[in-house]
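Student: Just to be clear, the model below is a prediction. Sequence and coordinates:
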Amino acid sequence: MSEREEKEPPPQRTEASAGLIQYSPENLMPFGPVHPALHEPEYFKLILEGEQIVDVIPRIGFVHRGIERAAQDRTWIKNIYLFERICGICSFAHSLSYAQAVESILQFEVPRRARYIRVIVAELERIHSHMLWLGLVGYWTGFETLFMWIWKDREHVLDIIEAITGNRVHKSYSTISGVRRDLPDNIAEPMKKEMAYIQQRLRYYKELVSSEETLITRTKGVGHINADTARKLCPVGPLLRSTGIARDVRVENPYAAYDEVIPQIKTSNDGDIASLLTIRIEEVLESCRLILEAMEKIPSGPVKLTAPRSVPKGEAEFHVEAPRGELFYFVRSPGGTSPERVKIRTPTMANILTATSMLKGHTLADVPVVLTGMDPCFGCMDRVSVFEADNQKSWSIRGEELRRYGIDYYRKARSQGSQIESWTPFK
């Protein structure tokens, strides 16, 4: 027996990921944070056996912007425009949820006409968000014609949004105690015309996604999740409703004028990407119906009240059904012109664990489609957390401490050259 044969095989290299699982680095496939399928940076550790994904570990935090902390230094009104920047696709949902939380502290009764207008703009935003998503699914499944068709049709919705709010993306329309301005005098007929056009096109797309071979092959049975898993992982929005669970904030806890203009919840029992296509198309058709109904029922009267600059001491929480799902805002006022704390829970944060579960059992080719199925907005989701894995300690960092940490770190790096170890000046 040779000397080489007598040697024992080397031990398998393993790593721990935040104490979650042990895995071999040879089985790790990094996905992100920069990847053609990700329009925002995010990192996923894909653990493979051959080509099959057996586990997924998300690593969030690449686009954290400190918005919750920045809100404490701005006035109540200025924060409306700050929170809109959390997400360009559902900016009105963010400003609406925040404004209604502040109105709860103020105990303001929003004018009835303003509540109807909020429904109209919120549903227009839902339409353009869902159509954007439908186009992206077409793109990542190789059906680029669908992407171009839907995004062209989506321009009709953006034109209506611009006519009402003055902007196409960051609408800056919702305000504390109502909306910033009334509907244009001549908006009724263009609204009816555009809603009829969108309904016609979406009925065609509904037939298309159920018959086009490319979409069926890439979405049917892909990213499957059942109702039991959904109850354990608590997804929200269309992702939850695709498992047959009929939950919608607009129906369960009506806000704005949803107690008078009542949505019908669209569900499916298939729990895959194909069912998400159908659900979102049906939700677009339902949004068109809600807009037309709201336009018929809308009362006359003022669209906002005069809100004080100073908000009394108190706290409130409010949630809305954003296009991606439940969006939650918690607001605490110390009694003054700025909030003491604003906490935001976005739909992507609620859906991220479900999306990682949906990837298990699939191959790398399915990753862009499944992640798109979640309709992610990582800029909405990302938060900073500090965790020391060796001794299982965690701590929070104030803004000034984080600034000081960066200054001290690079000073130490310059004095010691490149041989710098992990070092923390505060715990």
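Tutor: Received the coordinates, thanks.
Student: quick one, domains of this structure?
Tutor: As recorded under automatic domain parsing, the domains making up the chain are 67-381, 393-427.
Student: hey, least reliable of those by pLDDT?
Tutor: Here the domains of the chain differ in mean pLDDT, and the lowest is domain 393-427 at a mean of 56.
Student: follow-up on the earlier one: same list (the domains of the chain) but as TSV, adding mean neighbour count.
Tutor: Just so you know, the C-beta spots here come from the backbone N, C-alpha and C atoms, and that holds for glycine as well. Output for these, formatted as TSV (neighbours: other CB atoms under 10 Å):
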stretch	mean neighbour count
domain 67-381	19
domain 393-427	11
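Student: Output these as TSV; include the columns distance to Gly61.
Tutor: As requested, those are arranged in TSV below (distance: least, CB to CB, whole Å):
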stretch	distance to Gly61
domain 67-381	9
domain 393-427	13
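Student: As a check, name the ranges of all strands in the stretch 301-427 of the chain.
Tutor: Using DSSP state E, counting those that start in this stretch, the strands found in the stretch 301-427 of the chain span residues 314-322, 325-333, 341-345, 386-388, 393-395.
Student: Export the first one to CSV, keeping only CA atoms.
Tutor: This file holds the C-alpha atoms of strand 314-322, laid out as CSV (Å, rounded to 0.1, in the frame of the first residue of the first chain):
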residue,chain,number,x,y,z
GLY,A,314,-49.6,59.4,21.5
GLU,A,315,-49.1,56.5,19.2
ALA,A,316,-51.0,54.7,16.5
GLU,A,317,-50.6,51.9,14.0
PHE,A,318,-52.2,51.6,10.6
HIS,A,319,-52.0,49.1,7.8
VAL,A,320,-53.1,49.2,4.2
GLU,A,321,-53.3,46.6,1.3
ALA,A,322,-50.4,47.8,-0.9
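Student: Tell me what angle that strand forms with strand 325-333.
Tutor: 160 degrees (axes from the mean of the first three to the mean of the last three CA atoms, to 10 degrees).
Student: Now do strand 314-322: distance to the chain's middle.
Tutor: Strand 314-322 has its C-alpha centroid displaced from the chain centroid by 16 Å (CA atoms, centre = their mean, to the nearest Å).
Student: looking at the strands of the stretch 301-427 of the chain, which is closest to Tyr98?
Tutor: strand 325-333 (5.2 Å; CB to CB).
Student: what's the closest one in contact with?
Tutor: If you take CB atoms under 8 Å, 6 or more residues apart in numbering as the criterion, strand 325-333 is touched by 90, 93-94, 97-98, 101-102, 105, 235-240, 249, 311-321, 339-347, 350-351.
Student: gap between that strand and the chain center?
Tutor: 14 Å.
Student: Can you give the strand pairings for it, parallel or anti for each?
Tutor: strand 314-322 (antiparallel), strand 341-345 (antiparallel) (DSSP bridges).
Student: what does the first one contact?
Tutor: I take that to be strand 314-322. Contacts with strand 314-322, where a contact means CB under 8 Å, 6+ apart, come from 90, 93-94, 96-98, 100-102, 104-105, 122, 237, 248-250, 253, 255, 326-333, 346-347.
Student: In helices, which of those residues fall?
Tutor: Here DSSP state H is the test, and these give 93-94, 96-98, 100-102, 104-105, 122, 249-250, 347 as lying in helices.
Student: As CSV, the strands of the stretch 301-427 of the chain with distance to Val261 would be great.
Tutor: Below are the strands of the stretch 301-427 of the chain laid out as CSV (distance: least, CB to CB, whole Å):
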stretch, distance to Val261
strand 314-322, 13
strand 325-333, 19
strand 341-345, 26
strand 386-388, 45
strand 393-395, 45
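Student: Out of those strands, flag the one nearest Pro33.
Tutor: Among those, if distance is taken as CB to CB, the winner is strand 386-388, at 18.4 Å.
Student: residue contacts, the closest residue to Asp182 other than its chain neighbours?
Tutor: Spatial nearest neighbour of Asp182, excluding adjacent residues (CB to CB, 6 or more residues apart in numbering): Val303 at 4.9 Å. Neighbouring residues of Val303 by CB under 8 Å, 6+ apart: 111, 113-114, 117, 178-179, 181-182.
Student: Kindly provide the distance from Val303 to Glu144.
Tutor: Noted for Val303: a distance of 42 Å to Glu144, by CB to CB, to the nearest Å.
Student: Ser95 too?
Tutor: With CB to CB as the criterion, Ser95 and Glu144 are 33 Å apart.
Student: try Arg154
Tutor: Arg154 sits 15 Å away from Glu144, taking CB to CB as the criterion.
Student: Repeat that for Thr372.
Tutor: 14 Å.
Student: ditto for Glu42
Tutor: Using CB to CB, Glu42 is found at 24 Å from Glu144.
Student: Next: Lys220.
Tutor: 19 Å.
Student: residues in contact with Thr165?
Tutor: 121, 171-173, 180 are the contacts of Thr165 under CB under 8 Å, 6+ apart.
Student: For Gly50, state which of the residues you listed is nearest.
Tutor: Closest to Gly50 out of the contacts of Thr165 is Lys171 (47.8 Å), distances taken as CB to CB.
Student: My guess is that closest one contacts Tyr81. True?
Tutor: No - the criterion here is CB atoms under 8 Å, and Lys171 misses it with Tyr81 at 10.2 Å.
Student: any common contacting residues for these two?
Tutor: What both Lys171 and Tyr81 touch, as defined by CB under 8 Å, 6+ apart, is the set Ser95.
Student: Out of the contacts of Thr165, which is nearest to His130?
Tutor: Closest to His130, out of all of those and judged by CB to CB, is Val121, at 15.1 Å.
Student: Ignoring the adjacent residues along the chain, who's closest to that closest one?
Tutor: Computed as CB to CB, 6+ apart, the closest residue to Val121 that is not its neighbour in sequence is Phe92, at 5.5 Å.
Student: what do you get for Leu28?
Tutor: Nearest residue to Leu28, sequence neighbours excluded (CB to CB, 6+ apart): Lys45, at 5.8 Å.
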